[in-house]
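Student: Need a 3D model of the sequence below.
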Amino acid sequence: MKKDLEKLKQEFEELIHKVTDRDNLENLKTEFLGRKGKLKNLLQHVATLADEERKVVGKIANEVKEAIEVAYGNKEQEIVGSESSVHAQREWIDITEPGHFNEEGHLHPTSQAIAEISDIFGRIGFSAVRAPEIDWDYYVFESLNMPKDHPARDDWETFFMDIPEAKKGKLVLTPHTSNSQVRHMEEVKPPIRMININRTYRRQIDITHIPMFHQFEGLMIDKDISVTHLKGVLDYFAKAFFGPNRKTRLRPHHFRFTEPSFEVDISCEVCGGDDSGACRLCKGGWVELGGAGMVHPNVLKAGGLDPNVYSGFAFGWGVERTFMMREGIKIDDLRILYKNDLRFVKQF
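Tutor: Take a look at the predicted model:
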């Protein structure tokens with residue numbers, strides 16, 4: 001039995017040298033030291049030996065078992081080390097190399113401007129409303145005191161939908177956000193303070209015009225509203241959006257839906273207000289932001305209000321053109337906003 005135990009130990013040592021992975025190593029240990037393993041089977045006749053022989057065989061058996069366990073432990077560490085080395089080589093990471101981060105998108109500059117404009121007017125009580133961007137001729141032109149022969153109602157100026165006319169005229173892609181004025185007056189009675197921001201469409205394209213752009217329309221109606229209220233609101237917005245150093249001016253103008261009417265200009269950010277005419281964008285130091293004025297009595301009547309009781313003002317500015325005039329932007333061509341050039345939009 002002593003020889004058999006030594007032979008068993010030698011057999012295990014020979015086999016363990018050939019093992020290369022942990023699964024086979026565990027199977028080999030079970031084969032020799034398991035409940036039905038070779039060592040257990042070899043020792044099942046020990047009880048039949050004399051006492052002295054039993055002690056000697058038991059001692060040798062413990063030594064063989066300990067030797068097998070030591071060999072197993074050494075081989076296990078060897079395999080683990082080898083696997084770790086292979087794993088590290090396969091998935092090597094240079095901790096000094098800059099990491100790779102997933103790129104995250106962000107709002108387009110126009111969307112950012114819309115959010116800020118809404119917030120600025122919200123601070124002084126203007127509620128955000130939304131009017132259709134495809135609307136009836138009545139709300140776009142007729143209710144705004146524009147006669148049938150007005151140039152804006154020409155196919156060369158406005159996009160009309162190719163469908164039959166209805167009770168309120170043709171359907172049109174709104175060339176301005178002013179269609180919200182009478183619609184809002186029909187739904188809400190004074191006092192009114194509303195801001196409508198929406199897409200608008202015109203047959204124009206150059207460095208300051210594009211066929212699809214955004215406008216924000218402001219409307220305030222109450223008793224005893226005057227031009228001073230209009231100027232105060234416009235000055236408040238100019239300082240909040242453009243900064244305290246920018247200059248604005250009102251130029252007398254003519255709009256069918258306001259009386260008196262004004263064009264609202266701001267000093268050009270690109271050239272700093274240079275009136276020499278050298279600036280590609282403004283050509284004179286000022287850039288038009290949009291129109292404004294006191295709501296025409298006929299528009300108040302179309303909205304169901306008595307012009308002898310109520311008065312109000314309205315203004316409509318292009319979002320993109322307003323954004324272009326911010327300090328530090330220095331965009332000299334409106335069309336670049338929609339060229340989808342990531343080198344441009346990532347700056348914002």
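
Student: Distance from the host helix or strand of Trp317 to the middle of the chain?
Tutor: Using DSSP states H and E, the element containing Trp317 is strand 311-318. Its chain's average C-alpha position is 30 Å from that of strand 311-318, according to CA atoms, centre = their mean, to the nearest Å.

Student: pretty sure Leu281 is in contact with Val270, am I right?
Tutor: Yes. The pair Leu281 and Val270 passes the contact test of CB atoms under 8 Å, sitting 4.9 Å apart. (C-beta placed from N, C-alpha, C; glycine too.)

Student: who touches both of these two?
Tutor: Asp332 (CB atoms under 8 Å, 6 or more residues apart in numbering).

Student: Show me how far stretch 336-348 is from its chain's centre.
Tutor: Relative to its chain's centre, stretch 336-348 lies at 14 Å (CA atoms, centre = their mean).

Student: Need the distance between the two termini of that stretch.
Tutor: Taking CA to CA, to the nearest Å as the measure, stretch 336-348 stretches 13 Å from start to finish.

Student: For whichever helix or strand comes after the strand holding Trp317, name the packing helices and strands.
Tutor: Toward the C-terminus, strand 311-318 is succeeded by helix 319-324 as the next helix or strand (DSSP H and E). Under the contact definition 3 or more CB pairs under 8 Å, 6 or more residues apart in numbering; DSSP states H and E, helix 319-324 sits against helix 109-122, strand 212-222, strand 286-295.

Student: CA-only coordinates of the longest one in CSV, if you can.
Tutor: In CSV, the C-alpha atoms belonging to helix 109-122 read as follows (Å, rounded to 0.1, in the frame of the first residue of the first chain):
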residue,chain,number,x,y,z
PRO,A,109,-28.7,78.3,-32.0
THR,A,110,-32.1,79.3,-33.2
SER,A,111,-33.8,77.0,-30.6
GLN,A,112,-31.6,78.5,-27.9
ALA,A,113,-32.6,82.0,-28.9
ILE,A,114,-36.3,81.0,-28.9
ALA,A,115,-36.0,79.7,-25.4
GLU,A,116,-34.3,82.8,-24.1
ILE,A,117,-36.7,85.2,-25.9
SER,A,118,-39.6,83.3,-24.3
ASP,A,119,-38.0,83.6,-20.9
ILE,A,120,-37.3,87.3,-21.2
PHE,A,121,-40.9,88.2,-22.1
GLY,A,122,-42.2,85.8,-19.6
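
Student: so what does that helix touch, helix or strand wise?
Tutor: Using 3+ CB pairs under 8 Å, 6+ apart: helix 109-122 touches strand 192-201, strand 212-222, helix 227-242, helix 319-324.

Student: Name every strand pairing with the next helix-or-strand element following the longest one and say which way it goes.
Tutor: I take that to be helix 227-242. In the C-terminal direction, the helix or strand that comes right after helix 227-242 (DSSP H and E) is strand 248-255. Strand 248-255 has the following strand partners under DSSP bridges: strand 258-267 (antiparallel).

Student: what is the rounded mean pLDDT of stretch 7-27?
Tutor: Taken as a whole, stretch 7-27 has a mean pLDDT of 82.

Student: What separates the first and last residues of that stretch, distance-wise?
Tutor: Per CA to CA, stretch 7-27 runs 19 Å from first to last residue.

Student: repeat for stretch 258-275
Tutor: 29 Å.

Student: Need the mean per-residue confidence for that stretch.
Tutor: 85.

Student: on that earlier part again, so which of the helices and strands packed on helix 319-324 is nearest Val309?
Tutor: Val309 sits nearest to strand 212-222 of all the helices and strands packed on helix 319-324, at 10.0 Å, using CB to CB.

Student: Now do the closest one and helix 109-122, the angle between them.
Tutor: Strand 212-222 and helix 109-122 are oriented at 0 degrees to each other (axes from the mean of the first three to the mean of the last three CA atoms, to 10 degrees).

Student: counting contacts, what elements does strand 212-222 pack onto?
Tutor: The helices and strands touching strand 212-222, judged by 3+ CB pairs under 8 Å, 6+ apart, are helix 109-122, helix 180-187, strand 192-201, helix 227-242, strand 286-295, strand 311-318, helix 319-324.

Student: how near is Leu2 to Lys55?
Tutor: Actually, residue 2 is Lys rather than Leu. 12 Å (CB to CB, to the nearest Å).

Student: for Ala115, same thing?
Tutor: 91 Å.

Student: cool, Asn308 as well?
Tutor: From Asn308 to Lys55 the distance is 126 Å (CB to CB).

Student: neighbour-wise, which of these two wins?
Tutor: Comparing Asn308 with Lys55 by other CB atoms under 10 Å, the one with more neighbours is Lys55, at 11 against 8.

Student: in a helix, that's where that one is, yeah?
Tutor: Yes. Under DSSP: H, G, I helix; E, B strand; the rest coil, Lys55 sits within a helix.

Student: could the helices and strands packed on helix 319-324 go into TSV alongside mean neighbour count and mean pLDDT?
Tutor: Shown next, in TSV, are the helices and strands packed on helix 319-324 (neighbours: other CB atoms under 10 Å; pLDDT from 0 to 100):
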stretch	mean neighbour count	mean pLDDT
helix 109-122	16	94
strand 212-222	22	94
strand 286-295	22	88
